[in-house]
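1. just need the structure, nothing else, for what follows:
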Amino acid sequence: ENNIKNLSIEQLSEIFECKINNWKLLDGFDLPILPISRSAASGTHLYFIKHILKGEEICKSIPSVSTTNEIVEFVRKNINAIGYGGIGYADSSIQISVNGIPPTKENVINNSYPISRYLRYYTSQKPNGNIKKFIDWTTSEEGQKIVEAMGYIPLWN
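-> Coordinates of the predicted model:
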């Protein structure tokens, strides 16, 4: 198990910009850091670039994968790995705090956890037909119960 339990936004940025490459520089084990990223087409990747790296690019030597599941599996299997993903994929055994704030549902709801975002629907015109039915259902109490069961935070929290 990695002994690092907290990182600052600045430290995360420096890891993903390849400025910090060994956990010992962060008072961790003397192991190379193995960062892994979502692919550039991912909304999660774009959010990370904008809000964590402040517009800087992720270091080109860092591998990227298509899904957050792949990141979670990679981090589970590699003590010196680090990645990022949505709360719906959260695994408490590999999560860390950011700026001293743990990634809990409560901390996301009260906006104290510094890495969170809303997911939104965008349509090219006012939704109608099946698109409107889908949006209405997913934002209904029934749909939001499924959102919560999947590990995400429902709108009505």
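2. show the pLDDT at Ile146.
-> Looking at Ile146, its pLDDT is 95.
3. I'd like to know which elements the helix or strand harbouring it is packed against.
-> Here Ile146 is covered by helix 141-149, with elements defined by DSSP states H and E. Where contact means 3 or more Cβ pairs under 8 Å, 6 or more residues apart in numbering; DSSP states H and E, helix 141-149 is packed against helix 129-138. In short, each C-beta sits where N, CA and C put it, glycine included.
4. the helix it packs on: how far from the chain's middle?
-> Chain-centre distance of helix 129-138: 27 Å, with Cα atoms, centre = their mean, to the nearest Å.
5. for that helix, buried residues please.
-> For helix 129-138, burial by neighbour count (16 or more other Cβ atoms under 10 Å) applies to no residue.
6. quick check: angle from that helix to helix 141-149?
-> Using axes from the mean of the first three to the mean of the last three Cα atoms, to 10 degrees, the direction of helix 129-138 lies 60 degrees away from that of helix 141-149.
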